[in-house]
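1. My questions are about this predicted structure, shown below with the sequence.
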Number of protein chains: 2
Amino acid sequence: MCELLGMSANVPTDIVFSFTGLMRRGGDTGPHRDGWGIGFYEGRGLRLFQEPRASSGSEVAQLVQRYPIKSEVVIGHIRQANVGKVCLANTHPFVRELWGRNWCFAHNGQLAGFAPTPSFYRPIGDTDSEAAFCALLNGLRRDFPEPVAVELFLPGLVAACAAYRKHGVFNCLLSNGDWLFSFCSTKLAHITRRAPFGPAQLKDADVRVDFQAETTPNDVVTVLATEPLTDNECWNLYRPGEWRLWRGGECVAQGMSD
Amino acid sequence: MCELLGMSANVPTDIVFSFTGLMRRGGDTGPHRDGWGIGFYEGRGLRLFQEPRASSGSEVAQLVQRYPIKSEVVIGHIRQANVGKVCLANTHPFVRELWGRNWCFAHNGQLAGFAPTPSFYRPIGDTDSEAAFCALLNGLRRDFPEPVAVELFLPGLVAACAAYRKHGVFNCLLSNGDWLFSFCSTKLAHITRRAPFGPAQLKDADVRVDFQAETTPNDVVTVLATEPLTDNECWNLYRPGEWRLWRGGECVAQGMSD
């Protein structure tokens, strides 16, 4: 299994604290030795760091922890390979351009007997995750050849995720840089931090941060993770089948799939 | 104007030496302060580092110089903005997936009155370069919906580059990780290093390398750059209109366009 990390914020925010916790799980406090990746949206651009090896000893991961990249939407992933060999092409998150935007996707879980018909978007590597991402985008493009608002394709997106879930486990994060879509098949947690901000203590490292000192009173920052990253805050657990759409740190739509 | 950097090699080779020279031109010995980017193929995967600011003081650029990423195909670029504002989405190289491979593209020059019809691939930023890249891929996909060997679409690719060149200046590098295509509109240079290897001295920095100590007798490494990067070796200059296709460090096809 893998672990997911997501962030949606109403101001450019760095994710150094949460990323530090996740990276420890990549071969140190956790078994996810087969790769890690993180994508930071910067306007319409996407800054992607990936490595097909354990994050806990990675020089690039150390740079990302040292270098506070500010972003409004982030998607991160650490990998313990199930399907597909350990290589860069199989490292999440995956990226494709749709409707002139960068779409970024990460998946936790496994899909059995899942072989979508090749269409426009095709997997570069050989994971079930990238195949599912390509199938999702092919479905969207088939239904909407021209760009539409997220509200219009959201029902189809949820239905596709629910269908993939029938093949196994399908926890996922998807974004186009504007919104962050999250789908829980088995396990996903979220926390929204806003004023009054308090201190937080990582579970996986002896690191503590005082968000009060790093924020302004209007900041709203939601962090999503497979498992809660801190042990002194109250995280909310998604129910299996639950999906949420985040924008600017706020949950703007949510529901349960079949 | 911008500067291009390319590498094609028959064994995974690091480009630290050449990258170090190029990065000095990004705001130090050259005026290219508006961004830099470099893509390293690793199998079918692509590792991309980009920043919308001068390379000469960049911490990420320093990491790339310190960290010898070995690759068989590399495309790099430093930018002095002409068209499109300075932002990550406008930073070369640009990447799209076509036929299940990562295609990577960088351009030096400017195209006037160039407004291709929106089709499948759409620009994310607002540079003429990314618009040209999308138009190139849209043309390939239109002519070849299914993957074909490079030899089959090469005439169409050369014709498209020759047509773009009529709009201004179109020096470019394009790769799918297997081959590296280069097109010279005004300025491009290449050097192929093979045994017996000798020492090389950068033009833009007091850095010298002895390739003899870093290579094996069978290595073949071609480096492409807008202007020669070393001052003690003999670089070959492309003629305007000349194109070359490189694979494993060797020129496997070449010609002149109209």
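-> Done, it's in.
2. you'd agree A:Tyr147 is up against A:Gly100?
-> One correction, residue A:147 is Pro, not Tyr. Yes - the criterion here is C-beta atoms under 8 Å, and A:Pro147 meets it with A:Gly100 at 7.2 Å. Every C-beta, even on glycine, is put in place using the N, C-alpha and C of the backbone.
3. quick one: which of these two has more around it?
-> The neighbour comparison of A:Pro147 against A:Gly100 (other C-beta atoms under 10 Å in any protein chain shown) goes to A:Gly100, with 17 against 13.
4. For that one, which non-adjacent residue is spatially closest?
-> Of all residues not flanking A:Gly100 in the chain, B:Arg122 sits nearest, at 3.8 Å (C-beta to C-beta, 6 or more residues apart in numbering or on different chains).
5. for chain B, what are the nearby residues on chain A?
-> Contacts of chain A with chain B, taken as C-beta under 8 Å from any C-beta of the partner chain, map to A:42-48, A:50, A:52, A:59-60, A:63, A:67, A:87-91, A:95-97, A:99-102, A:120-125.
6. Check those residues for burial and list the buried ones.
-> A:42-48, A:50, A:52, A:60, A:63, A:87-91, A:95-97, A:99-102, A:120-125 (16 or more other C-beta atoms under 10 Å in any protein chain shown).
7. Which of those fall within helices?
-> A:60, A:63 (DSSP state H).
8. ok, now which ones touch whatever residue of the stretch 101-250 of chain A ends up closest to chain B?
-> Nearest residue of the stretch 101-250 of chain A to chain B, counting by C-beta to the nearest C-beta: A:Arg122, 3.7 Å away. The contact partners of A:Arg122, by C-beta atoms under 8 Å, 6 or more residues apart in numbering or on different chains, come to A:134, B:97, B:99-100.
9. so which of these comes closest to A:Ala189?
-> A:Cys134 (27.4 Å; C-beta to C-beta).
10. hang on, A:Gln65 in a helix?
-> Yes - judged by DSSP: H, G, I helix; E, B strand; the rest coil, A:Gln65 forms part of a helix.
11. Now the element after the longest strand along chain A, going C-ward?
-> Ordering each strand of chain A by length in residues (DSSP state E) puts strand A:3-14 first. Sequence order places helix A:16-25 as the next helix or strand after strand A:3-14, per DSSP states H and E.
12. Let me see the residues that make contact with that following helix.
-> By C-beta under 8 Å, 6+ apart, helix A:16-25 touches A:3, A:5, A:7, A:30, A:32, A:36, A:38, A:55-56, A:58, A:61, A:64-66, A:68, A:76, A:78, A:200, A:202-205, A:207, A:209, A:223, A:225, A:229-230.
13. Generate a PyMOL selection restricted to the buried subset of those residues.
-> In PyMOL, this line selects whichever of the contacts of helix A:16-25 come out buried by 16+ other C-beta under 10 Å:
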select buried, chain A and resi 3+5+7+30+32+36+38+55+56+58+61+64+65+76+78+200+202+204+205+207+209+223+225+229+230
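14. Show me the contacts of helix A:16-25 that map onto helices.
-> Per DSSP H, the subset of the contacts of helix A:16-25 in helices is A:61, A:64-66.
15. Any idea how far stretch A:19-27 is from the middle of the chain?
-> 14 Å (C-alpha atoms, centre = their mean, to the nearest Å).
16. and what of stretch A:158-173?
-> Distance of stretch A:158-173 from its chain centroid, counting by C-alpha atoms, centre = their mean, is 15 Å.
17. Which of the residues in that stretch are classified as buried?
-> Within stretch A:158-173, the residues scored as buried using 16+ other C-beta under 10 Å are A:158, A:160-165, A:167-173.
18. hmm, back to that, could you measure from the residue of the stretch 101-250 of chain A closest to chain B over to B:Asn102?
-> In this view, A:Arg122 and B:Asn102 are 11 Å apart by C-beta to C-beta, to the nearest Å.
19. same check, this time on A:Cys161
-> 26 Å.
20. that older thread, and which of the ones in helices among the contacts of helix A:16-25 is nearest A:Leu140?
-> Of all those, A:Val64 has the smallest distance to A:Leu140: 29.9 Å, by C-beta to C-beta.
21. ok, the closest residue to the closest one other than its chain neighbours - how many residues close by?
-> Distances taken as C-beta to C-beta, 6+ apart place A:Phe49 nearest to A:Val64, at 5.5 Å, with adjacent residues excluded. Close neighbours of A:Phe49, defined as other C-beta under 10 Å, add up to 22.
22. Can you point out the buried residues in stretch A:68-84?
-> Quick answer for stretch A:68-84 (16+ other C-beta under 10 Å): A:69, A:71-84.
23. Next, work out how far apart A:Ser18 and chain B are.
-> To chain B, A:Ser18 is 21 Å away according to C-beta to the nearest C-beta, to the nearest Å.
24. Now do that residue, the pLDDT please.
-> We have a pLDDT of 87 for A:Ser18.
25. Check A:Met1 too.
-> 65.
26. just for the stretch 101-250 of chain A, where's the confidence low?
-> Within the stretch 101-250 of chain A, no range satisfies pLDDT under 70.
27. So which residues of it form helices?
-> Using DSSP state H, counting those that start in this stretch, the helices of the stretch 101-250 of chain A run over A:128-143, A:150-165, A:211-214.
28. mind putting these in CSV, distance to B:Asn108 included?
-> Shown next, in CSV, are those (distance: least, C-beta to C-beta, whole Å):
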stretch, distance to B:Asn108
helix A:128-143, 31
helix A:150-165, 37
helix A:211-214, 41
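29. most neighbours per residue, which of these?
-> Across the helices of the stretch 101-250 of chain A, the average number of neighbours (mean count of other C-beta atoms under 10 Å in any protein chain shown) peaks for helix A:128-143, which reaches a mean of 21.
30. now for it, which elements pack on it?
-> Helix A:128-143 sits against strand A:94-98, strand A:101-108, helix A:150-165, strand A:171-175, with contacts defined as 3 or more C-beta pairs under 8 Å, 6 or more residues apart in numbering or on different chains; DSSP states H and E.
31. 6 Å instead?
-> Other helices and strands packing on helix A:128-143, by 3 or more C-beta pairs under 6 Å, 6 or more residues apart in numbering or on different chains; DSSP states H and E, are strand A:94-98, helix A:150-165.
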